[in-house]
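>>> the amino acid sequence is not available; the structure is as follows:
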């Protein structure tokens, strides 16, 4: 029974080995005819069978020069290590180019009786005699490759010989182009060059256009069978054609959407190049995807709310034309000028819902904690004293280094506060103290350290502080709360919640803060006040309305109905639901919308559809339970709830709205080229096109991280990735 259970796996393995062997044989056959790598003249695939069962158990490569056997997982690496590096004793370095230029001098044939007969063939060139290499009797029955050439000029003659043979081939076939590219079709060459161009454009200036004319890069193109390309062509006609292709696709997707949300990013966290700030503008579509629109440069010193309002409205009219109601709202990282501009636009255009980014809202809590909580202020002050003491006392600093011992690299510096400290500087300083906690605690109880600074008032204070549990418990509490907020910011930035999820997110935060207070024995009242103050600054009426209209948050009552969660709102928030819905519809439809809202409150959604919308699955990355399809929340209003004519239009627009900016971290290297030439119009136009192509591709892939962050993560790892041989086992050749 057990043996039969493994039979299907064995059959799959045997078929995979046979497929691998057949593929290698096909590749070698093509290579012998001049359409493949040089090393196939010396390497031959062999299918090894089990002595017990007779079934295939491995695929090997046999060297025709020394009869050695190797793994067939990576023929190219085998050729480099065995042939090029001199491991094979019978290989003199002769690399045929191409393979067909040096046909085999002998063909060994096996008669029916088992004897062998040798048939001489005449090569196209007069070649010097070869040296026979003895092989075992098991080699008979297989084609043996030609032995290495012995040329009077040595290895230097190989290039001239290949050139001569290439000329002979051109004379024989005047129509053939020859060279390494003859193995690729025109379509394959165009596809390869398109991929190369897209990679170059998506680098956004990180990779220079001049690299395509670098001698090494041109040699690489020649080796893989591609023609050389011009940097002017890549930066000119090719860039224009690719931009037009992407623009047409983007415009088509935008036309298909009935409405959208504008998402400018860069007002609060500014990207400044040569005195100008850059804002990237993306568009959020109802189906959950986003489109990149453009980059808007502006003078940061002259920025005011009126200028921001004009820039935002100009972008809306540029996208919508006369149908400005297609833009149902704006979400951005708002500073004080932008926040006032959003409010003005919302007041002038009643159908718009303009929001500030929730990543910014949660992140601002750290600033609030250091500003309003005495715990954070006292910990920052005490940490500053510790850092100042050890940085100003060489003997004390040397003591820390000696105490670390083998862990010396874990503590290189204790960062002091600058003259104008920010809350981020205080956090970094506190983290340095926490990383050095072990040796600092040792210093607090070490008698020799105490005696060394017994006459120093500051030293005595530091020693008492390092030996006191209160200091370390306060530091732990502060860093735990900082970590709690940072993790929440990272989750919000990664998940990009919709507006209906804002209220539950803040409820979740309050619960976590309550747990923190209980764990570290802190008074909850003052922390809750700070949280509530930040909540009120970020709150928008759309939070409550979207929460009520989102089927994801319907609650099942005792009768089995799935009803909107009005009981989770305060009285003021319930009024906000009515106010917002009546503002988003026309005056004639306001009473109809309120009547439909009452019907929605009383009847809710059919239980079958409600359960389908609220169905969740575990995310394989985070391990959290998440809705299977977020789009079903909006689709249910457009299908089974179509009886709500007015309220349904409001619901589908509110539910889809994002509560954060796109999070796309653009590569701004290309803009340095723009300012290098005095901000020329042509350079700016090319930069806009490259940014458009690159951002469009990254949004399609869902790749929001910056290249700098990826490189930092790569080099921070330290260990090189080792690719096992099994990776190449099923590689398609």
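Perfect, I can see it now. A quick note: this is a predicted structure, and the numbers were derived from the prediction, not measured.
>>> who are the contact partners of the nearest residue to residue 589 once chain neighbours are set aside?
The shortest distance from residue 589 to any non-neighbouring residue, by C-beta to C-beta, 6 or more residues apart in numbering, is to residue 646 (4.8 Å). For glycine as for every other residue, the C-beta is placed from the backbone atoms N, C-alpha and C. Contacts for residue 646 (C-beta atoms under 8 Å, 6 or more residues apart in numbering) come out as 585, 589, 592-593, 596.
>>> ok, of those, which come out buried?
585, 589, 593, 596 (16 or more other C-beta atoms under 10 Å).
>>> thinking again about what came up before, let me have the contacts of residue 646 in JSON lines, extended by pLDDT.
Formatted as JSON lines, those follow (pLDDT from 0 to 100):
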{"residue": "585", "pLDDT": "94"}
{"residue": "589", "pLDDT": "94"}
{"residue": "592", "pLDDT": "95"}
{"residue": "593", "pLDDT": "95"}
{"residue": "596", "pLDDT": "96"}
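>>> on that earlier part again, next one: the residue nearest to residue 589 from residue 14, what distance?
Computed as C-beta to C-beta, to the nearest Å, the residue 646 to residue 14 distance reads 66 Å.
>>> that older thread, nearest to residue 689 among the buried ones among the contacts of residue 646?
Distance to residue 689, by C-beta to C-beta, is smallest for residue 585 among the buried ones among the contacts of residue 646, at 40.5 Å.
>>> any idea how far the closest residue in space to the closest one that isn't next to it in sequence lies from residue 549?
Nearest non-adjacent residue to residue 585, counting by C-beta to C-beta, 6+ apart: residue 593, 5.0 Å away. Using C-beta to C-beta, we find residue 593 at a distance of 11 Å from residue 549.
>>> kindly report the same for residue 47.
With distances taken as C-beta to C-beta, residue 47 is found 65 Å from residue 549.
>>> neighbour-wise, which of the two wins?
residue 549 (27 against 17; other C-beta atoms under 10 Å).
>>> mind listing what the nearest residue to that one once chain neighbours are set aside touches?
Spatial nearest neighbour of residue 549, chain neighbours left out: residue 651 (4.2 Å); criterion: C-beta to C-beta, 6+ apart. Residues in contact with residue 651 (C-beta under 8 Å, 6+ apart) are 549, 634, 637, 641, 644.
>>> please apply the same query to residue 342.
312, 330, 332, 334, 354-356.
>>> same thing but at 6 Å, please
residue 354 (C-beta atoms under 6 Å, 6 or more residues apart in numbering).
>>> and it, its phi and psi?
Note on residue 342: backbone dihedrals following degrees, to the nearest 10 are phi -60, psi -40.
>>> what does residue 79 give?
phi -60, psi -40.
>>> distance of it from residue 670?
For residue 79 relative to residue 670 (C-beta to C-beta), the value is 40 Å.
>>> and the strands in the stretch 151-300 of the chain?
260-265, 271-273, 276-284, 290-299 (DSSP state E, counting those that start in this stretch).
>>> helices and strands around the last one, which ones?
Spelled out, that is strand 290-299. strand 276-284, helix 681-701 (3 or more C-beta pairs under 6 Å, 6 or more residues apart in numbering; DSSP states H and E).
>>> same check, this time on the third one
Using 3+ C-beta pairs under 6 Å, 6+ apart as the contact criterion, the neighbours of strand 276-284 among helices and strands are strand 260-265, strand 290-299.
>>> dump the ones you listed to CSV, plus distance to residue 367, mean pLDDT and mean neighbour count.
Formatted as CSV, the helices and strands packed on strand 276-284 follow (distance: least, C-beta to C-beta, whole Å; pLDDT from 0 to 100; neighbours: other C-beta atoms under 10 Å):
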stretch, distance to residue 367, mean pLDDT, mean neighbour count
strand 260-265, 20, 93, 23
strand 290-299, 25, 86, 19
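>>> what residues are up against residue 446?
By C-beta under 6 Å, 6+ apart, residue 446 has no neighbours at all.
>>> mind redoing it with 10 Å?
399, 403, 439, 452, 463, 466-467 (C-beta atoms under 10 Å, 6 or more residues apart in numbering).
>>> can you map out the strands along the stretch 1-150 of the chain?
Along the stretch 1-150 of the chain, the stretches classed as strands by DSSP E, counting those that start in this stretch are 43-49, 56-63, 69-71, 106-110, 116-120.
>>> and those strands, which one averages the lowest pLDDT?
Ranked on mean pLDDT, the bottom entry among those is strand 106-110, at a mean of 39.
>>> next one: residue 622 from residue 34, what distance?
53 Å.
>>> who's more crowded, those two?
residue 34 (17 against 11).
>>> picking that back up, wait, a helix at the residue nearest to residue 585?
Yes - according to DSSP: H, G, I helix; E, B strand; the rest coil, residue 593 belongs to a helix.
>>> 46 is where my numbering starts, stick with that
Got it, the first residue is 46 from now on, which makes the last one we talked about residue 638.
>>> so it is in contact with residue 695, correct?
Yes - with contacts counted by C-beta atoms under 10 Å, residue 638 reaches residue 695, the gap being 6.7 Å.
>>> now do the helices in the stretch 446-595 of the chain.
Using DSSP state H, counting those that start in this stretch, the helices of the stretch 446-595 of the chain run over 468-480, 482-490, 492-497, 502-512, 514-540, 547-565, 569-583, 586-594.
>>> leaving out chain neighbours, which residue sits closest to residue 332?
residue 676 (6.5 Å).
>>> same question but for residue 229, I mixed them up
That would be residue 270: by C-beta to C-beta, 6+ apart, it lies 4.6 Å from residue 229.
>>> distance-wise, check the one you found relative to residue 553.
For residue 270, the distance to residue 553 - C-beta to C-beta - is 57 Å.
>>> and stretch 426-439, what's buried?
Under 16+ other C-beta under 10 Å, the buried positions of stretch 426-439 are 427-429, 431-432, 434-435, 438.
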